[in-house]
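1. structure for this input, please:
(chains A and B)
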Amino acid sequence: DTEVTQTPKHLVMGMTNKKSLKCEQHMGHRAMYWYKQKAKKPPELMFVYSYEKLSINESVPSRFSPECPNSSLLNLHLHALQPEDSALYLCASSQEGGHEQFFGPGTRLTVL
Amino acid sequence: EDKVVQSPLSLVVHEGDTVTLNCSYEVTNFRSLLWYKQEKKAPTFLFMLTSSGIEKKSGRLSSILDKKELFSILNITATQTGDSAVYLCAVEDPLGEYGNKLVFGAGTILRVKS
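-> Below is the predicted model:
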């Protein structure tokens, strides 16, 4: 299995809702990442998990809460989001010490 | 602050043309430079370059890195409409055992007309 999967593909939520994005990989990668991509902009790193521990938080607001339940899964819990948080959220993974990151198809999030 | 600059920002060509996309960078810690192609959704990996002057090639696509001048180019020969996409350049900032951080450029939007 050489892919990263993400669910849901699309999500529409209100500012008071709580929702979660899910990411899964079965390539044995030990580093996993969340990126946010606004329209016509490059992906911006949000979080890095290494060996299921949060290693990097790029000053992301606390309304985004990542979780890594095991080495194959990565969640992003969302609460009290703002309309400006609407974006494509991409998950990626890489080997320990690896260079290239493999990206999932993303979740297109719309906050009303 | 790490910076990756791509040019041109957008490009329209006709099928069969050859295009050259540019990427320059200024980063504190450099380990590799990567090229990705992004169509509707996820970026897909094209090339990883770590050494200067060694061309990487895959079909009609090729890329080379100049670590002295801090830039890379991506060439696409005999372009096809399926090459239409955003081409992203990213520089890898190693985080040691914590994985790596990719710093992306803004991308070049390529449109190939039939």
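2. residues from chain B in reach of chain A?
-> B:31-32, B:34, B:36, B:41-45, B:48, B:50, B:88, B:90, B:92, B:95, B:97-102, B:104-107 (C-beta under 8 Å from any C-beta of the partner chain). From N, CA and C alone the C-beta is placed, and that goes for glycine too.
3. buried subset of those, written for PyMOL?
-> For the buried members of the residues of chain B next to chain A, the matching PyMOL selection, counting by 16 or more other C-beta atoms under 10 Å in any protein chain shown, is:
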select buried, chain B and resi 32+34+36+41+42+43+45+48+88+90+92+95+98+99+100+101+102+104+105+106+107
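4. so which of the residues of chain B next to chain A sit within strands?
-> Counting by DSSP state E, those place B:32, B:34, B:36, B:43-45, B:48, B:88, B:90, B:92, B:100-102, B:104 in strands.
5. in chain A, which residue is closest to the centre?
-> A:Trp34 (3.3 Å; C-alpha atoms, centre = their mean).
6. mind listing the residues bridging to it?
-> Under the criterion DSSP bridges, A:Trp34 forms beta bridges with A:Phe47, A:Cys91.
7. spit out the contact partners of the residue of chain B found nearest chain A.
-> Closest to chain A within chain B is B:Gly99: 3.1 Å, counting by C-beta to the nearest C-beta. If a contact means C-beta atoms under 8 Å, 6 or more residues apart in numbering or on different chains, then B:Gly99 has A:30-33, A:48-50, A:55-56, A:94, A:96 as its contacts.
8. ok, now how distant is it from A:His99?
-> 10 Å (C-beta to C-beta, to the nearest Å).
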